[in-house]
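Asks: quick one: sequence and predicted model below, then my questions.
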Amino acid sequence: MLTQDTQGQFTLRQNAHQKVGLLVSPQVFIGVAIAALSVVGFRCDQWFVHRTTKGQRLKAVFGERKAIWIWRGFLLSGVVFGSCLATGQVNPMTWNQ
């Protein structure tokens with residue numbers, strides 16, 4: 001959010017998303033996006049294993065059934081991580097400036 005000081009200078013205020021109730025913090029947005037994309041991936045698990053090179057590599061090494069379950073485990077970890085990020089149980093790294 002832009003603010004103007006007494007000298008007429010405009011500055012961009014940090015954490016402007018906390019002031020406005022309609023916007024969501026980036027941490028919540030990214031967490032929800034990761035969880036949602038992982039849930040969508042559950043619907044495409046067969047497609048991933050059969051049509052992508054990484055899925056075919058998994059299938060060649062572990063077999064078709066295990067490859068699907070490995071991919072589902074990866075997606076489940078995405079749902080868990082995204083949920084934890086969105087609820088604040090996992091926080092992103094920050095650097096002192």
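Replies: Everything's here; your move.
Asks: please enumerate the strands of the protein.
Replies: All strands of the chain, identified by DSSP state E, fall at 2-4, 10-12.
Asks: hmm, which helix or strand of the protein has the shakiest average pLDDT?
Replies: Across the helices and strands of the chain, mean confidence by mean pLDDT, DSSP states H and E is lowest for helix 16-19: a mean of 53.
Asks: okay, whichever helix in the chain runs longest in CSV with CA atoms only?
Replies: In the chain, taking DSSP state H as the definition, the longest helix is helix 64-87. Extracted C-alpha coordinates of helix 64-87, given in CSV (Å, rounded to 0.1, in the frame of the first residue of the first chain):
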residue,chain,number,x,y,z
GLU,A,64,2.9,-50.0,-12.2
ARG,A,65,1.1,-50.5,-8.9
LYS,A,66,4.0,-49.3,-6.7
ALA,A,67,4.7,-46.4,-9.0
ILE,A,68,1.1,-45.1,-8.6
TRP,A,69,1.3,-45.5,-4.8
ILE,A,70,4.7,-43.7,-4.8
TRP,A,71,3.2,-40.8,-6.8
ARG,A,72,0.2,-40.8,-4.4
GLY,A,73,2.5,-40.6,-1.4
PHE,A,74,4.3,-37.6,-3.0
LEU,A,75,0.9,-35.9,-3.6
LEU,A,76,-0.2,-36.7,0.0
SER,A,77,3.0,-35.0,1.3
GLY,A,78,2.1,-32.0,-0.9
VAL,A,79,-1.4,-31.8,0.7
VAL,A,80,0.1,-32.1,4.2
PHE,A,81,2.8,-29.5,3.6
GLY,A,82,0.4,-27.1,1.9
SER,A,83,-2.1,-27.4,4.7
CYS,A,84,0.6,-26.8,7.3
LEU,A,85,1.9,-23.8,5.4
ALA,A,86,-1.6,-22.3,5.1
THR,A,87,-2.4,-22.8,8.8
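Asks: output the contacting helices and strands for that helix.
Replies: Packing contacts for helix 64-87, counted by 3 or more CB pairs under 8 Å, 6 or more residues apart in numbering; DSSP states H and E, involve helix 26-43, helix 45-51, helix 53-62. (C-beta placed from N, C-alpha, C; glycine too.)
Asks: for those helices, give me CSV that also has mean pLDDT, mean neighbour count and distance to Gly73.
Replies: Shown next, in CSV, are the helices and strands packed on helix 64-87 (pLDDT from 0 to 100; neighbours: other CB atoms under 10 Å; distance: least, CB to CB, whole Å):
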stretch, mean pLDDT, mean neighbour count, distance to Gly73
helix 26-43, 94, 15, 11
helix 45-51, 93, 15, 11
helix 53-62, 96, 14, 11
